[in-house]
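**Q** pasting the structure only:
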């Protein structure tokens, strides 16, 4: 009955594509314990060290003092909205200077819900070739036509828009700001220029930039002073903020539309109130104190050839990449092999993910081991 699944799993193993869930013993803001071994964690999105931080956890629990429950037991549009949810959404509006905000259960929920609902039959989406799988899935679920332009190639994007824009009603351009597997940054100034020139809606996913870039940690759009020119900005709480969930900020009409049309929002039980409270507490009390640490982290990334805190080390083959991870593991580092379909065939890599706790020497030693 399950022969085809077994066959496919065997094929994955033969091609070094097979994935399994690791049984970690524990984590802190810098390390992870596997098979009794303490390892420097280079595969985490815990960029500011807020997650798995015992001191921060203790401080928050003392602050919250039992005020927030561990379950919402309902979708937001039913009985799942308490004051803390609106308080966080209001805070996000104030930070980004946007009219409205909406919390989603994850970055995946946000991208799937937004891209599948804003574009409908007769519309078109222009998406960067290396956009996250959640964006691709959202486009596939929409009834719109979509085109994927060559990565960060603004000339190709403009030619595509010129060729196709007048064939459709509404047009959307969607891009990440910091690309999660390459660590490079979108040409945001040009994206804004094209959006305005050709009457498009611009959606920017700041998942890996929120909490890291910008004076206040709002992302690349803040760094470039372009926040007000972007129609919808998406960010996540599960990376730099060390919590869970995601958000979208933008024009009130667009956010109200998402509230009524984004199925991933409508049909999901709301995040636990205590998680929402933790997110708000981190953003208000901890994020403002991280500017120096964030600046240092980004400077380390630049020293190793990256535009951000994500350093790709491209190996090529799957088997060779797995072998490099094993070498690092034997020398006190934990990093996972990034393989297709996450990245294109022949570009399997190590994705060295910096945090504010990791030093330049530790990264240098890791890269030397790989070489």
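**A** On my side now, so go ahead. None of these values were measured; they are calculated from a predicted model. Numbering: from 1, shown residues only.

**Q** Listing partners with orientation, what would you give for the helix-or-strand element of the chain with minimal mean pLDDT?
**A** Sorting the helices and strands of the chain by mean pLDDT, DSSP states H and E puts strand 337-338 at the bottom, at a mean of 91. Taking DSSP bridges as the criterion, strand 337-338 sits next to strand 348-353 (antiparallel) in its sheet.

**Q** Other residues contacting stretch 229-239?
**A** 45-47, 96, 98, 106-107, 110-111, 114, 118, 192, 195-196, 201-211, 219, 221, 227, 243-251, 254, 279 (CB atoms under 8 Å, 6 or more residues apart in numbering). (Glycine included, C-beta is placed from N, CA and C.)

**Q** ok, now stretch 27-38?
**A** With CB under 8 Å, 6+ apart, stretch 27-38 has contacts from 22-26, 39-41, 44, 46, 49-54, 329, 332, 334, 355, 357-358.

**Q** tell me the mean pLDDT for it?
**A** Stretch 27-38 carries an average pLDDT of 96.

**Q** Same check on stretch 302-320?
**A** Mean predicted lDDT for stretch 302-320 stands at 95.

**Q** for the residue most central in space within the chain, helix, strand, or coil?
**A** With distances taken as CA atoms, centre = their mean, residue 207 lies nearest the centre of the chain, 3.1 Å away. Taking DSSP: H, G, I helix; E, B strand; the rest coil as the rule, one finds residue 207 in the coil state.

**Q** circling back: inside strands: which ones of the contacts of stretch 27-38?
**A** 24, 25, 26, 39, 40, 41, 334 (DSSP state E).

**Q** now those residues: which count as buried?
**A** Buried members of the ones in strands among the contacts of stretch 27-38, scored by 16 or more other CB atoms under 10 Å, are 39, 40, 41, 334.

**Q** export those to TSV and tack on distance to residue 292?
**A** What follows is those, written out as TSV (distance: CB to CB, whole Å):
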residue	distance to residue 292
39	27
40	22
41	22
334	27
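
**Q** now, which of these sits nearest residue 371?
**A** residue 40 (17.5 Å; CB to CB).

**Q** Show residues contacting stretch 309-320.
**A** Looking at what lies outside stretch 309-320 - CB under 8 Å, 6+ apart - the contacts are 15-17, 47, 178, 180-183, 208, 212, 297-298, 300-301, 304-306, 321, 324, 337, 339-340, 346-355, 363, 367, 370.

**Q** What is the neighbour count of residue 222?
**A** By the measure other CB atoms under 10 Å, the count of residues near residue 222 is 20.

**Q** actually residue 235, not the one I typed
**A** Residue 235: 31 neighbours (other CB under 10 Å).

**Q** now do residue 347
**A** 18.

**Q** what's it sitting at in phi/psi?
**A** Main-chain dihedrals, residue 347, degrees, to the nearest 10: phi -120, psi 30.

**Q** need the contact list for it.
**A** 314, 316.

**Q** Can you tell me how far it is from residue 45?
**A** As defined by CB to CB, to the nearest Å, residue 347 lies at a distance of 21 Å from residue 45.

**Q** rewinding a little: tell me which of the buried ones among the ones in strands among the contacts of stretch 27-38 is nearest to residue 80?
**A** residue 41 (33.3 Å).

**Q** For that closest one, give me its contacts.
**A** 27, 30, 31, 32, 334, 355.

**Q** Recalculate using a threshold of 6 Å.
**A** 31, 32, 334 (CB atoms under 6 Å, 6 or more residues apart in numbering).

**Q** Specify the beta-bridge partners of it.
**A** residue 334.

**Q** how near is it to residue 304?
**A** Applying CB to CB to residue 41 and residue 304 gives a distance of 17 Å.

**Q** Please consider this matter closed, and thank you.
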